[in-house]
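S.K.: What would the 3D arrangement of this be:
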Amino acid sequence: MLTVAPVLAQVSSSRLATNATDAGNWLMYSGAYTSQRFSPLDQISSTNVSRLKPLWVYQPPGVGSLEGTPVVADGVMYGISGGEAGIRGFLDAYDARTGKQVWRLHTVPSPGEPGSETWPGDSWVHGAGATWLTGSYDPALKLLYWGTGNPGPDWNGDARKGDNLFTCSLLAIDVETGKMRWHFQFTPHDVHDWDANQIPVLVDADFGGRP
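M.R.: Have a look, this model is predicted:
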C-alpha cells in the first residue's frame, strides 16, 4: 500500500516576507529580509545569558578560515568567493520552479558598461568584487541591497588605476530585472582589502522629521 508522507517545510514568499522569525523559525541567513538578525524568542535574556556555556567545538582541518555561509544542495556548494583569486564577482537570480537563470549582474563592468572607465586595459577580467555575504531585501520597493568585496589584486592597485567600480560598494538592485538602481562606493581604489561586505540592516525610521 502506498503511503503519502506529509509535505513539510513549505516556505512561500509571503511567509518569508512577514513571518521569517516567527515561532522559532530562522528561514534565511540573517533571520529576515531586513537582516536585523533579531529573534523575538525570550527564553534567553540578560538575566540568564551568563549561564550559557559551550558543549563542544569543532576545528576544521587546514589553515584557511570560515568567512561565509554557503548554500549546499544535492552535493553542490554554491555562497560566491575568491576575491583574492582573480574572479569577477556577480549575483544570479533563478526561477524557483524551473531552475533557469533569470538574470546575472556582474559587480565589475565589462568595457562599454557604466563604470568600465574605472578599470584600465583588461584589469576588469580579474577585478574581484566578490559577493560572499548575503544581502538584504525590501519587498515593498523590490530592491536587493548587497555589499561587494575588495578589488583584485587586493594589496597592489598599480594594474587597476581608477576607482574600480563596483567593488567595496553597496548595490541597490531591482529584483525583477537585475539592473542596478543605485550604488555607493565606500572605498574607491581599495588597496587595504577593506571590502564592504557587512550585511545591510534595513530600518524604518524618521529622518529630518519625515518617515
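
S.K.: Residue 176: neighbour count?
M.R.: 10 (other Cβ atoms under 10 Å). Using the backbone N, CA and C atoms, a C-beta is placed for each residue, glycine as well.

S.K.: give the contact list for it.
M.R.: By Cβ atoms under 8 Å, 6 or more residues apart in numbering, the contact list for residue 176 reads residue 142.

S.K.: tell me the SS of it?
M.R.: coil (DSSP: H, G, I helix; E, B strand; the rest coil).

S.K.: Residue 17 should be in a helix, yeah?
M.R.: Yes: using three-state DSSP, the secondary structure at residue 17 is a helix.

S.K.: Isn't it up against residue 138?
M.R.: No: applying Cβ atoms under 8 Å, one finds residue 17 not in contact with residue 138, separated by 9.9 Å.

S.K.: what residues do these two have in common as contacts?
M.R.: With Cβ under 8 Å, 6+ apart, residue 17 and residue 138 have common neighbours residue 33.

S.K.: what residue is smack in the middle of the chain?
M.R.: residue 134 (2.3 Å; Cα atoms, centre = their mean).

S.K.: now it: how far from residue 91?
M.R.: 11 Å (Cβ to Cβ, to the nearest Å).

S.K.: Can you check the distance spanned by stretch 154-173, start to finish?
M.R.: Start-to-end span of stretch 154-173 (Cα to Cα, to the nearest Å) is 25 Å.
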